[in-house]
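S.K.: Structure, please.
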Amino acid sequence: MKDVLVFDHPYTLAASENQPHFRSYSAALGKAVINTLTTSGDVVDVIDLHAEHFDPVMHQSDLENWRTKQPVDPQAESYYQRLAVADRIIFVFPIWWEVMPAMTKGFLDKVLSKNHYQKKSPHLLPHNPKIIVFTVAGTPTPLYRLVFGNPVTKSLKRGTFNKLGLHHYYWHNFNAEDQSAQKRTATLKNIAKYLK
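M.R.: Next comes the predicted model:
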């Protein structure tokens, strides 16, 4: 399979090694996903948004391009071309203030643009890829669902991917702050079960 991993964390994937003051469980998840998929023979195309200095802001010229069905900008167009050949798109990011970080939101705004829209479903991504979202949150998952109503899935599944005809959506949330080091490590070792 051809997979595209879209990673969003200011520390980049380099923060996966659990070094004090430069560590991210999101990065550890991202690395575990990459290692698991490559070991199984998949091709993994990694988009590390912060490492690649992606600009998530929709500037005036970007919006004009978006509205007139032109490529928004060269980087966003390159990302779209990479997504367009994927069998599976995997997002990894932390949940901040109960929603996705700005970099992920800007990625969706700029990459999923009108210039590739087709009337036939799936509307933007011709391979109809499976969408898998891994999030890391301080809020326990049951509380996130019950109290906050799972805004990440509402915005991504209902508000974005379903509208594009992409209905194979899976969300997995990890509440690493409340888990022991052993539990966090065990999750990373068994990440394959979330990729099926």
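
S.K.: The spatially most central residue of the chain pairs with what?
M.R.: Per C-alpha atoms, centre = their mean, the C-alpha nearest to the average position across the chain is that of residue 91, at 1.8 Å. On the basis of DSSP bridges, residue 91 is bridged to residue 6, residue 133.

S.K.: how close does it get to residue 159?
M.R.: Here the criterion is C-beta to C-beta, to the nearest Å. By it, residue 91 lies 14 Å from residue 159. For every residue, glycine as well, the C-beta is placed using N, CA and C.

S.K.: Please apply the same query to residue 192.
M.R.: Distance of residue 192 to residue 159, given as C-beta to C-beta: 29 Å.

S.K.: Next up, the contacts around residue 147.
M.R.: Residue 147 makes contact with residue 139, according to C-beta atoms under 8 Å, 6 or more residues apart in numbering.

S.K.: same check, this time on residue 104
M.R.: Each residue near residue 104 by C-beta under 8 Å, 6+ apart is listed here: 6, 8, 49, 56, 91, 93.

S.K.: which outside residues touch the least confident helix or strand in the chain by mean pLDDT?
M.R.: Sorted by mean pLDDT, DSSP states H and E, the helices and strands of the chain end with helix 181-189, the least confident at a mean of 85. Among residues not part of helix 181-189, those counted as contacts by C-beta under 8 Å, 6+ apart are 25, 28-29, 32, 174, 176, 179.
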